[in-house]
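**Q** Structure of the sequence below:
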Amino acid sequence: MQAACRLNSRRPAQKAEARRQRLVFTHAAATEAATEGEDTVIEANGKMIVVESDGTIIIGGPEAVARASARSEALEAAPESAEVEYLTGRANAVQKHFPSSLGADDFMQRVEMALYAFGFTGDNSIAMVNLCRDEVTLTLKHRIEETFGSAFSTNGLGGVLTCGVTGMGAGFSHSPLCSSNKERYVFFSFPHISINASGEVGPMSRPGRPGQSCACGALIKATNEIKSEGLTCNCKIPGVHDALDPEMSILKQRIARRLRHEGNTDESVKNLSLVDITKVAERTISDDLEFLISKTVNTDKADYAVVTGVQIHNWANDFEDASPNMEFVAPTSAYVVVDGVKTHLDLTAMPPMTPRQMRLVAGPADVCNQGGQTMLREEEAPYAFDSKDARRSQKARLQRYLSLMKEEGLDGTGATSVPSWQSKIVKGTPERCATADNSTIIDSSFAENAELRKIWVQLEEKYKMPSN
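**A** Residues are numbered from 1 along each chain as shown. Just a heads-up that it's a prediction; the model follows:
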């Protein structure tokens, strides 16, 4: 009896040792399989263990073998060129509308190299950045600031320049002084547009917002209104704007006057696409920038560079899907003025980054490869402000919490109460409260004065007459 007890007491130890030996064997086989780069199937403890060539281990029944086999066949069927072909296809969809388009990282690398040759660096220059107010334009501003440091913003709706000579001068006064006691300014100016993963112009997905948004909303609004209202009625007198909507009204009339200057009529504008209007906006804003530079920059005291074009968001059709969000820039003009001498630069003539440089720029990004003749990189936080992986993890976490509440009997027990600080909020009107009848914004007497109104209408009609 005692012998039987001793025998039984040894059996668990023997089983444990046998189990340990099998696990050691399994681990050794897995290591060998991963080293040799081959798929290996091992049977242990009644389970099928599949060790794939990339080191992935799948433990399960016979179905595990089938899954591993299907996965392996799919990987073998995908050639190494698939990524480049996909990215090139995405680039081609953008370059169909903007042939000079470059990946945003590639663009900034070329700008940095070109300007460095003429003495412009982040240590001795200030970037004067003019973009639309849209939050997604910060994808480009972040890149500019990574190269040239904190930038002075002259942003307006659609990229319209409303800062004037005072705003320009303010930015100049913040510029570093180089060894020759000169200031250096680098002007960037870009309206923007969305061309999504399917090549659709205008629609754009955004994190946390279901359905389709768009870019640029201000230019889309201006396009639709100019088409429906006509060109002539939108050619306002320079300097006149809607007090309740100043930037939008200035943007629309500036585009309208440019369209008329380029020979368009009330009828011809009806055939213009968003791509057409975006290009018109770029020409308009770039000319406005040139005019302000001519009025504010003293080339005896400063050197400067100008880089203009269109920012293009090539994002996924749905922000949550697997398609990468990518950014392009289509440069239209780039030049430097050093000691009063102007030199034009062709950014598209410069070579793209090497594979090693791409890896350095990309960091942890999943997508980084050549697409055509430009480098492309997937947008992730902080540029996209919301990582797809982070959002998926959050959803999985919330689902887990719901499951745990049911398992642990916490349903209905976690309702939050009103925080005590809310009871301390002062109700009523404070002693000093701004009012919405500020006469410095809207002079109601002007709208009611018939004589002044008549003069305004006469001036408008005179300005609308084509010059001989």
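**Q** Any regions of the protein where pLDDT drops low?
**A** Within the chain, the segments meeting pLDDT under 70 span 1-78, 80, 364-373, 380-388, 412-448, 463-468.
**Q** Show me how it divides into domains.
**A** 14-77, 83-389 (automatic domain parsing).
**Q** Leu376 and Gly89 touch, don't they?
**A** No - applying Cβ atoms under 8 Å, one finds Leu376 not in contact with Gly89, separated by 11.0 Å. The way it works is simple: take the backbone N, C-alpha and C, and place the C-beta from them, glycine included.
**Q** neighbour count winner among those two?
**A** More neighbours surround Leu376 than the other of Leu376 and Gly89, with 30 against 13 (other Cβ atoms under 10 Å).
**Q** what helix or strand does the more buried one sit in?
**A** Here Leu376, judged by DSSP states H and E, is contained in strand 374-377.
**Q** Return that strand as CSV; C-alpha atoms alone will do.
**A** Provided in CSV are the C-alpha atoms of strand 374-377 (Å, rounded to 0.1, in the frame of the first residue of the first chain):
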residue,chain,number,x,y,z
THR,A,374,9.1,60.5,-54.7
MET,A,375,9.2,59.2,-51.1
LEU,A,376,5.9,58.6,-49.4
ARG,A,377,5.2,58.1,-45.7
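**Q** Within the sheet, what are the partner strands of it, with directions?
**A** strand 368-371 (antiparallel) (DSSP bridges).
**Q** re the thing from before, got the domains of the chain as CSV, with distance to Glu451 columns?
**A** Below are those laid out as CSV (distance: least, Cβ to Cβ, whole Å):
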stretch, distance to Glu451
domain 14-77, 79
domain 83-389, 17
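**Q** Figure out which of those is closest to Leu404.
**A** Closest approach to Leu404 among these (Cβ to Cβ): domain 83-389, 22.2 Å.
**Q** Could you check how far Thr299 is from Glu183?
**A** Applying Cβ to Cβ, to the nearest Å, the value for Thr299 to Glu183 is 11 Å.
**Q** Who has more neighbours out of the two?
**A** When Thr299 and Glu183 are compared for neighbours, Glu183 comes out ahead with 20 against 15, by other Cβ under 10 Å.
**Q** give me the beta-bridge partners of the more buried one?
**A** Leu177, Ala302.
**Q** could I get stretch 276-291 in PDB with only the CA atoms?
**A** Output in PDB follows, covering the C-alpha atoms of stretch 276-291 (Å, rounded to 0.1, in the frame of the first residue of the first chain):
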ATOM      1  CA  ASP A 276      -9.100  74.700 -61.300                       C
ATOM      2  CA  ILE A 277     -10.200  77.000 -58.500                       C
ATOM      3  CA  THR A 278      -7.400  75.700 -56.200                       C
ATOM      4  CA  LYS A 279      -4.900  76.500 -58.800                       C
ATOM      5  CA  VAL A 280      -6.400  80.000 -59.300                       C
ATOM      6  CA  ALA A 281      -6.300  80.500 -55.500                       C
ATOM      7  CA  GLU A 282      -2.600  79.600 -55.500                       C
ATOM      8  CA  ARG A 283      -1.800  82.100 -58.300                       C
ATOM      9  CA  THR A 284      -3.900  84.800 -56.500                       C
ATOM     10  CA  ILE A 285      -2.300  84.200 -53.000                       C
ATOM     11  CA  SER A 286       1.200  83.900 -54.500                       C
ATOM     12  CA  ASP A 287       0.800  87.200 -56.300                       C
ATOM     13  CA  ASP A 288      -0.600  88.800 -53.000                       C
ATOM     14  CA  LEU A 289       2.500  87.500 -51.200                       C
ATOM     15  CA  GLU A 290       4.800  89.000 -53.900                       C
ATOM     16  CA  PHE A 291       3.100  92.300 -53.500                       C
END
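**Q** What are the buried residues along that stretch?
**A** Neighbour-count burial for stretch 276-291, with 16 or more other Cβ atoms under 10 Å as criterion, is recorded at Ile277, Thr278, Lys279, Val280, Ala281, Glu282, Arg283, Thr284, Ile285, Ser286, Asp288, Leu289.
**Q** distance of Pro176 from Val310?
**A** Distance from Pro176 to Val310, by Cβ to Cβ: 29 Å.
**Q** These two: which has the busier surroundings?
**A** Neighbour comparison, Pro176 and Val310: the larger count goes to Val310, with 24 against 14 (by other Cβ under 10 Å).
**Q** Which residues are in contact with the residue lying closest to that one once chain neighbours are set aside?
**A** Closest residue in space to Val310, ignoring its immediate chain neighbours: Ala330 at 4.6 Å, by Cβ to Cβ, 6 or more residues apart in numbering. Going by Cβ atoms under 8 Å, 6 or more residues apart in numbering, Ala330 touches Val94, Phe98, Pro99, Ser100, Ser101, Leu102, Gly309, Val310, Ile312.
**Q** My read is that the last one contacts Phe328, right?
**A** Yes - the pair Ile312 and Phe328 passes the contact test of Cβ under 8 Å, sitting 4.1 Å apart.
**Q** Touching both of those two, which residues are there?
**A** Val94, Phe98, Ser101.
**Q** Helix or strand: which one has Glu145?
**A** Judged by DSSP H and E, Glu145 forms part of helix 138-148.
**Q** can you give me the angle the strand or helix carrying the residue nearest to Val310 makes with helix 138-148?
**A** Using DSSP H and E, Ala330 maps to strand 326-338. When axes from the mean of the first three to the mean of the last three Cα atoms, to 10 degrees is applied, the directions of strand 326-338 and helix 138-148 differ by 40 degrees.
**Q** which one is Glu460 nearest to, not counting chain neighbours?
**A** Nearest to Glu460 is Ile237, by Cβ to Cβ, 6+ apart, at 5.8 Å.
**Q** Count the neighbours of that neighbour for me.
**A** Residues near Ile237, counting by other Cβ under 10 Å: 14.
**Q** follow-up on the earlier one: just the closest of the contacts of Ala330 to Ile126, please.
**A** Gly309 (19.8 Å).
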